[in-house]
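[1] Quick one: sequence and predicted model below, then my questions.
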Amino acid sequence: MTLTVDQLSESELLARIFPRLPAGTSTLLGPGDDAAIISAPDGRTVISIDTQVQDKDFRLAWPNGYATTGFDVGWKAAAQNLSDINAMGAVATAMVVSLTLPGTTPVGWVEGLADGLGAAIAALGAESCSVAGGDLSGGSEIVVTVAVTGSLEGREPLLRSGAQPGDIIAVCGNLGFSAAGWALQESSIGAGSQTTALQKAARLFNRPEPPLEAGPAAAAAGATAMMDISDGLLRDAARLAAASGTRLDLNGVVLGREAEKLSECGRLLGLDPLQWVLTGGEDHGLLSTFPANAVLPCGFIGIGSVLSAGGGRPAVSIDGRNFKSVVDGAVGWDHFAV
């Protein structure tokens, strides 16, 4: 018989969760009191928060038969928050987690979520980050909210507003793989029929791999602006351009090479992989700009140039071609449009 959340007290459930969570060096006082205490040797604290909602951000059961595990949701909750801190050029120091759970949720699923949080923190290279506490509540659907703090370690933060005309536009991390994985899980292609390429796409959708070493490396290399690619390259590029008061012109040849990495997935799913590269979200790579004479850090590839704004031109173009939908904001992920 499956043990469910409503068969345990809150204290009993917490006793199953906390031993599974990592305790990093920055936590001076962890779970057990009314609040945690986190060290802030830099004198500044970077903070971000993200929420995953059942049937909005993930499904427990997908059309192709895949069942989302607690481990998947825990991993993604850690990854998306760690990526936001990374995009500021900072290093994550601590997380707090809020869980809303239906009473029928299996306890094993919740334990898996805790395991996924810890596994992502370790595997992605955020060993200094601890899970310092959190909150439990009951509800009609699963909701996972994670707030994460970070340290700039004496560096200046990398903002979206720093791009200058003449800068190189560069990205680091995956482009389009998460969107391909989403398309797979919305399809009828079950696990028994998946190729290696499709399996990789599904893995990166359920357990994204943000390049956490790249944020501080970009800061050290003189990056002028940076942000996490969470809602699609075009949508996020338009945001960076607007914040900087510039235009971004992307290189279609380079983007085509990125799409080529997903060509097998596109063929099997009957979809255009370039659309995944341009508009697919949740890969959690980095979109950055660097001075024209900068040496790009390891893992970054140049994908275009920053131009002066004005002349009625859109915020983002590809090889000089206008994309009206970018101006209208009609591309990429939007929580209130799906």
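    On my side now, so go ahead. Residues are numbered from 1 along each chain as shown.
[2] Next SSE downstream of the host helix or strand of residue 204?
    Residue 204 is part of helix 196-206, with elements assigned from DSSP states H and E. Scanning the chain past helix 196-206 towards its C-terminal end, the next helix or strand to appear is helix 214-220 (assignment: DSSP H and E).
[3] avg pLDDT for that following helix?
    Rounded to a whole number, the mean pLDDT of helix 214-220 is 96.
[4] Same check on stretch 193-210?
    Averaging the model's pLDDT scores along stretch 193-210 yields 97.
[5] do the same with stretch 246-262
    For stretch 246-262, the mean confidence score works out to 97.
[6] Check stretch 109-118 too.
    98.
[7] Kindly report the same for stretch 143-159.
    Looking at stretch 143-159 alone, the average pLDDT works out to 96.
[8] For that stretch, could you pull out the residues that count as buried?
    Of all the residues in stretch 143-159, those buried under the rule 16 or more other CB atoms under 10 Å are 143-152, 155, 158-159. (Each C-beta comes from the backbone N, C-alpha and C, glycine too.)
[9] Could you save those residues as TSV and add columns showing secondary structure and distance to residue 126?
    As requested, the buried residues of stretch 143-159 are exported to TSV (DSSP: H, G, I helix; E, B strand; the rest coil; distance: CB to CB, whole Å):
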residue	secondary structure	distance to residue 126
143	strand	23
144	strand	18
145	strand	18
146	strand	12
147	strand	15
148	strand	9
149	strand	12
150	strand	9
151	strand	12
152	coil	15
155	coil	17
158	coil	18
159	coil	22
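[10] can you give me the helices for this structure?
    With DSSP state H as the definition, the chain shows helices at residue ranges 10-17, 70-87, 107-123, 177-185, 196-206, 214-220, 233-244, 252-260, 263-269, 273-279, 324-328.
[11] how many neighbours does residue 313 have?
    Using other CB atoms under 10 Å, residue 313 has 15 other residues around it.
[12] So it versus residue 288, what's the distance?
    Summarising the geometry, the distance separating residue 313 from residue 288, computed by CB to CB, to the nearest Å, is 22 Å.
[13] Would you check how far apart residue 235 and residue 176 are?
    Distance, residue 235 to residue 176, by CB to CB: 13 Å.
[14] Give me the more crowded residue out of those two.
    A side-by-side neighbour count of residue 235 and residue 176, using other CB under 10 Å, places residue 176 first with 29 against 22.
[15] Any idea what the closest residue to residue 40 other than its chain neighbours is bridged to?
    With CB to CB, 6 or more residues apart in numbering as the criterion, residue 40 has its nearest non-adjacent residue at 6.9 Å, and that residue is residue 151. Beta-bridge partners of residue 151, counted by DSSP bridges, are residue 91.
[16] Isn't residue 151 up against residue 42?
    Yes: here residue 151 reaches residue 42: they are 4.8 Å apart, a contact under CB atoms under 8 Å.
[17] Could you pull up the residues touching residue 148?
    Listed by CB atoms under 8 Å, 6 or more residues apart in numbering, the contact set of residue 148 reads 47, 48, 49, 81, 82, 84, 85, 92, 94, 95, 129.
[18] surely the last one meets residue 23?
    No: with contact taken as CB under 8 Å, residue 129 and residue 23 are classed as non-touching, separated by 9.9 Å.
[19] So for those two, which sits in the more crowded spot?
    A count of neighbours by other CB under 10 Å puts residue 129 above the other of residue 129 and residue 23, at 31 against 15.
[20] For the more buried one, which non-adjacent residue is closest in space?
    If you skip the residues right next to it in sequence, residue 129 has residue 92 as its closest partner in space, 4.1 Å away by CB to CB, 6+ apart.
[21] still on that earlier bit, any idea how far the residue nearest to residue 40 lies from residue 53?
    With distances taken as CB to CB, residue 151 is found 29 Å from residue 53.
[22] Repeat that for residue 235.
    The spacing between residue 235 and residue 53, counted by CB to CB, is 20 Å.
[23] Please list all residues in contact with residue 254.
    Under the contact definition (CB under 8 Å, 6+ apart), the residues listed for residue 254 are 301, 302, 303, 304.
[24] quick one: residue 265 and residue 198 touch, right?
    Yes: counting by CB under 8 Å, residue 265 does reach residue 198; the two are 5.9 Å apart.
[25] Residue 288 contacts residue 170, doesn't it?
    Yes: with contact defined as CB under 8 Å, residue 288 counts as touching residue 170 (5.1 Å).
[26] what sits in contact with each of these two?
    Applying CB under 8 Å, 6+ apart, one finds that residue 288 and residue 170 are jointly contacted by residue 300.
[27] what about residue 44, neighbour count?
    Counted with other CB under 10 Å, residues neighbouring residue 44 total 14.
[28] Leaving out sequence neighbours, find the closest residue to it.
    Here the residue nearest residue 44, using CB to CB, 6+ apart, is residue 152, at 5.8 Å.
[29] Pull up the gap between that neighbour and residue 47, please.
    From residue 152 over to residue 47 the distance is 12 Å, taken as CB to CB.
[30] Also residue 196?
    Noted for residue 196: a distance of 39 Å to residue 47, by CB to CB.
[31] Check residue 129 too.
    Using CB to CB, which is the criterion applied here, residue 129 is 13 Å from residue 47.
[32] now do residue 120
    The gap separating residue 120 from residue 47 is 19 Å, by CB to CB.
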